[in-house]
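A.B. asks: A predicted structure for the sequence below; I have some questions about it.
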Amino acid sequence: MTFHAPLETKSATDLTEEAGAAEIKSALDALTKDVNAKTAPVADLEKRLAAAEAKLARPSLSRSESKDEAKELEAKAFNTFIRKGKEALESDEVKSLRVSDDTAGGYLAPDQFSTELDRNVVLFSPVRQVARVLPTGSPEVRWPKRTGGMTAAWVGETQPRPETSVTFGQSRYSVCELAAYVDVSNAMLEDSTFDVGALLAYEFGEEFGFEEGKAFVSGQSTLSPAGFLNDTTVAYTPSGAASTLSSADALIDLFHGIKAPYRANGVWMMNATTLGTIRKLKDGQGRYMVNIQGLDNTPVTTILGRPVVEAPDMPDVAANATPIVFGDFSQGYRIFDRISLSILRDPYTQATNGMTRFHGRRRVAGGVGKSESLRKLKISVS
């Protein structure tokens with residue numbers, strides 16, 4: 001005989017409860033699905049924001065990066081390059097350096113470094129303080145200029161009108177290269193507390209400033225920028241004496257030898273020895289020509305109301321010399337910077353001496369712009 005378990009029977013109440021639970025579960029599932037669908041864009045937005053933050057945290061030189069961060073990264077990379085060479089640079093640091101021509105094999109100094117170099121150059125080459133300084137990206141600068149004026153004339157009512165013939169020419173400024181090198185001991189490079197950048201800024205600044213100063217004033221060779229003293233288009237005023245500067249009249253003649261618009265912005269340029277000689281000169285009423293006090297009681301050296309710029313490269317007072325130049329140098333002399341400074345690291349040439357050699361290059365052009373805005377004082381009778 002086979003026995004079968006009794007079949008389970010459910011009451012109406014049980015069936016009602018199960019149906020209600022299923023309905024509630026279905027409603028909860030639908031509600032969860034709806035909530036997930038609505039919050040999905042928020043989650044996606046959170047992921048995108050996290051990715052953007054991670055991207056911004058990586059070192060780069062993108063447009064969105066602040067200038068301060070870019071300069072800091074560039075300075076850090078340049079310092080690593082100076083101390084340890086290109087091999088020690090990380091990929092992001094290599095990208096941050098501005099590479100010069102492949103044939104040159106060097107790196108341009110970062111902005112902070114170039115600024116310090118320019119400050120040193122000004123100390124040795126005061127022509128930069130008063131001349132017009134412009135950047136250039138070409139090996140030669142051509143500057144248009146007017147060589148002939150208008151030809152207008154008074155005419156009668158029916159007389160023929162004259163042709164206006166204005167002629168133009170151009171001035172050419174060739175970019176010249178200035179180079180020097182300095183050897184630094186490897187011990188100094190390995191010392192993290194030693195400011196190698198300051199050393200190179202001073203060394204190259206002193207060398208380049210000294211050479212630039214001589215070139216801008218009197219020119220040094222066919223390979224250097226042209227100086228304003230040896231430019232024959234710049235007129236001169238004779239001092240009235242064969243070998244000395246003994247009269248203040250020559251300075252007055254020189255001052256008024258320049259057109260009024262240029263006098264308004266004019267400066268005197270001479271060396272310290274010449275300035276000492278002029279300080280002893282007096283006018284017809286016994287007053288000294290040189291005033292060392294400005295309108296607001298500040299110590300400013302002026303002659304006939306215009307400031308004096310001391311240039312150590314100007315010649316001393318001597319027969320046939322031109323020890324003084326007066327005029328508007330912002331119009332009269334132009335300087336074009338092609339490469340402010342490029343550094344090439346050479347760890348091999350002086351390796352046996354425990355030194356690393358750094359080659360510095362600077363490319364610059366210079367020459368007279370408007371010659372009528374400058375005038376020289378020549379020590380001569382006529």
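C.D. replies: Thanks, I have it.
A.B. asks: how about the strands in this structure?
C.D. replies: 107-108, 132-135, 140-148, 167-174, 176-185, 236-238, 267-270, 290-291, 302-303, 306-310, 324-327, 333-346, 355-368, 374-378 (DSSP state E).
A.B. asks: how far away is the spatially closest residue to P144 that is not a sequence neighbour from G227?
C.D. replies: Leaving aside its chain neighbours, P144 sits nearest to Q170 (5.1 Å; criterion: CB to CB, 6 or more residues apart in numbering). All C-beta atoms are positioned from the backbone trio N, CA, C, and that covers glycine. To G227, Q170 is 20 Å away according to CB to CB, to the nearest Å.
A.B. asks: Those two: who's more crowded?
C.D. replies: Set side by side, Q170 and G227 show more neighbours around G227, with 21 against 10, by other CB atoms under 10 Å.
A.B. asks: thought the more buried one was touching V217?
C.D. replies: Yes: the pair G227 and V217 qualifies as a contact (CB atoms under 8 Å) at a distance of 4.9 Å.
A.B. asks: got a list of what the residue nearest to P144 touches?
C.D. replies: Each residue near Q170 by CB atoms under 8 Å, 6 or more residues apart in numbering is listed here: R142, W143, P144, K145.
A.B. asks: circling back: out of the strands of the chain, which one sits most buried?
C.D. replies: Mean neighbours per residue, mean count of other CB atoms under 10 Å, is largest over the strands of the chain for strand 324-327, with a mean of 28.
A.B. asks: residue ranges with poor pLDDT in the stretch 51-200 of the chain?
C.D. replies: Scanning the stretch 51-200 of the chain for pLDDT under 70 picks out 51-67, 70-71, 81-84, 86-108, 111-123, 149, 192-194.
A.B. asks: Next, format the strands of the chain as CSV and append distance to T158.
C.D. replies: As requested, the strands of the chain are exported to CSV (distance: least, CB to CB, whole Å):
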stretch, distance to T158
strand 107-108, 67
strand 132-135, 48
strand 140-148, 28
strand 167-174, 29
strand 176-185, 58
strand 236-238, 47
strand 267-270, 52
strand 290-291, 59
strand 302-303, 55
strand 306-310, 51
strand 324-327, 46
strand 333-346, 47
strand 355-368, 46
strand 374-378, 45
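A.B. asks: out of those, nearest to A30?
C.D. replies: The closest of the strands of the chain to A30 is strand 107-108. By CB to CB, the value is 65.0 Å.
A.B. asks: G327 and I252, how far apart?
C.D. replies: Using CB to CB, G327 is found at 15 Å from I252.
A.B. asks: before we move on, what about V267?
C.D. replies: Distance, V267 to I252, using CB to CB: 16 Å.
A.B. asks: A215 contacts S224, doesn't it?
C.D. replies: Yes: the pair A215 and S224 qualifies as a contact (CB under 8 Å) at a distance of 4.1 Å.
A.B. asks: So if I had to pick from those two, which one is more boxed in?
C.D. replies: Legend: neighbour count by other CB under 10 Å for A215 and S224, higher for A215 (23 against 20).
A.B. asks: okay, how far is it across stretch 133-146, tip to tip?
C.D. replies: End-to-end distance for stretch 133-146, by CA to CA, to the nearest Å: 21 Å.
A.B. asks: now stretch 323-338
C.D. replies: End-to-end for stretch 323-338, by CA to CA: 30 Å.
A.B. asks: and it, average pLDDT?
C.D. replies: For stretch 323-338, mean pLDDT rounds to 96.
A.B. asks: Can I get stretch 254-273 in PDB, CA atoms only?
C.D. replies: Provided in PDB are the C-alpha atoms of stretch 254-273 (Å, rounded to 0.1, in the frame of the first residue of the first chain):
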ATOM      1  CA  LEU A 254      75.100 120.700 -29.300                       C
ATOM      2  CA  PHE A 255      71.800 120.900 -27.400                       C
ATOM      3  CA  HIS A 256      70.200 123.200 -30.000                       C
ATOM      4  CA  GLY A 257      71.600 121.300 -32.900                       C
ATOM      5  CA  ILE A 258      68.800 118.800 -32.400                       C
ATOM      6  CA  LYS A 259      65.200 119.500 -33.600                       C
ATOM      7  CA  ALA A 260      62.800 120.400 -30.800                       C
ATOM      8  CA  PRO A 261      60.800 117.200 -30.800                       C
ATOM      9  CA  TYR A 262      63.900 115.200 -30.200                       C
ATOM     10  CA  ARG A 263      65.200 117.500 -27.500                       C
ATOM     11  CA  ALA A 264      62.100 116.900 -25.500                       C
ATOM     12  CA  ASN A 265      63.100 113.200 -25.100                       C
ATOM     13  CA  GLY A 266      66.800 113.700 -25.400                       C
ATOM     14  CA  VAL A 267      69.500 112.400 -23.100                       C
ATOM     15  CA  TRP A 268      73.200 113.000 -22.800                       C
ATOM     16  CA  MET A 269      75.600 110.000 -23.100                       C
ATOM     17  CA  MET A 270      79.200 110.200 -21.900                       C
ATOM     18  CA  ASN A 271      81.600 108.300 -19.600                       C
ATOM     19  CA  ALA A 272      82.300 109.200 -16.000                       C
ATOM     20  CA  THR A 273      85.600 111.000 -16.800                       C
END
